[in-house]
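In: Provided below are the primary sequence and the corresponding predicted coordinates.
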Amino acid sequence: MRFSRIQSALWAFMAVLALGLAVVAMQKPVFGQETTGALQGTVKDPSGAVIPGATVTATAPALIGAKVVVTDSAGYYRFANLPPGTYTITVKAQGFDSLKRTGLIIQAGHLPTVDLTMKLGSVNTVVEVNALGSLCAGA
């Protein structure tokens, strides 16, 4: 009889331990432990077509220097590991006016999506002329 009480107690302990481990395994991650945020989005033209190869720059007082990424073939960009703060995003692409978005707030543990639409730029023609003056011998 003594053996069965010990065995019952052991089974009860193992059941409680298994239940406790199951509860711990189902917990959601705590975002308070993250110290950085991120930013992602797609760069498009006025018709909604994506703009691959656009240069996207993120700046903020909390950021040392600037972070620069280039959109992929789907016009997608992503900045990871951004310190929390207020950001300015600048986008440049050939054939489009530069775009500047200010006041974007990045919080730790968050990944906001900011899609950007660029306006068509004016076509600029640059003509470069290199001319050498004619050398004339004295007459």
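Out: Looks like it came in fine. Numbers count the residues shown, from 1 in each chain.
In: Buried residues in stretch 50-64, which are they?
Out: Neighbour counts over stretch 50-64 (16 or more other CB atoms under 10 Å) mark 51, 54-56, 58, 60, 63 as buried. C-beta here means a position set from N, CA and C on the backbone, and glycine is covered the same way.
In: what does the worst-scoring helix or strand of the chain on mean pLDDT contact?
Out: Sorting the helices and strands of the chain by mean pLDDT, DSSP states H and E puts helix 2-25 at the bottom, at a mean of 77. Residues from elsewhere that reach helix 2-25 (CB atoms under 8 Å, 6 or more residues apart in numbering): none.
In: Distance from it to the middle of the chain?
Out: Its chain's average C-alpha position is 47 Å from that of helix 2-25, according to CA atoms, centre = their mean, to the nearest Å.
In: ok, now which ones touch residue 50?
Out: Each residue near residue 50 by CB under 8 Å, 6+ apart is listed here: 42-44, 71, 74-76.
In: how close does residue 108 sit to residue 80?
Out: 13 Å (CB to CB, to the nearest Å).
In: For residue 76, which non-adjacent residue is closest in space?
Out: The shortest distance from residue 76 to any non-neighbouring residue, by CB to CB, 6 or more residues apart in numbering, is to residue 42 (5.4 Å).
In: neighbours around the one you found, how many?
Out: 19 (other CB atoms under 10 Å).
In: Check whether it sits in a helix, strand or coil.
Out: Put simply, residue 42 is strand when judged by DSSP: H, G, I helix; E, B strand; the rest coil.
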